[in-house]
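This is the structure alone, sequence omitted:
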């Protein structure tokens, strides 16, 4: 049984179309199956981003606590310095009085 040449070409063309559609549908199924994988990867990426953000926030909070401690320490030192200045002012004022009294004593003699 011999087919004429145009019939053979049409037959081969139909086979080619059917097989190409089958392959195309398989690719769609594969793409649909891989979509959850992409979603899972995006979800994992989001989780990692959140974890990094949390670590940064915790680090910043620790730095803020250290800075607050330093501010408190500096405030205490400032108060001590003010107290020392008051003491120094009193001592220097008393010294001035003593010197004035000594001058007056010298002048009387």
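Sure thing, it's come through. Remember, it's a predicted structure, so these values are computed and weren't measured experimentally.

Would you quantify the distance from the residue most central in space within the chain to residue 74?
By CA atoms, centre = their mean, the chain has its centre lying nearest to residue 56, at 3.5 Å. Separation of residue 56 from residue 74 (CB to CB, to the nearest Å): 27 Å. In this view, the C-beta of every residue, glycine as well, is placed from N, C-alpha and C.

shaky segments in this protein?
1-3, 22-36, 85, 88, 109 (pLDDT under 70).

make it 90
1-45, 67-68, 74-109 (pLDDT under 90).

all strands for it, in order.
Counting by DSSP state E, the chain has no strands at all.

Helices of that one, residue ranges please.
5-108 (DSSP state H).

how close does residue 48 sit to residue 87?
For residue 48 relative to residue 87 (CB to CB), the value is 59 Å.

now swap in residue 69 and tell me
Counting by CB to CB - residue 69 and residue 87 are separated by 27 Å.

What is the neighbour count of residue 17?
Using other CB atoms under 10 Å, residue 17 is surrounded by 10 other residues.

so who does it touch?
Applying CB atoms under 8 Å, 6 or more residues apart in numbering to residue 17 gives no contacts.

Okay, it and residue 56: tell me how far apart.
The value you get for residue 17 to residue 56, if CB to CB is used, is 57 Å.

same thing with residue 105?
Residue 105 is 72 Å from residue 56, by CB to CB.

just residue 63 next, same as before
Counting by CB to CB - residue 63 and residue 56 are separated by 11 Å.

With residue 76 instead?
31 Å.

for residue 13, same thing?
Taken as CB to CB, the span from residue 13 to residue 56 is 62 Å.

next one: residue 6
Residue 6 is 72 Å from residue 56, where distance means CB to CB.

Likewise for residue 72?
The gap separating residue 72 from residue 56 is 25 Å, by CB to CB.
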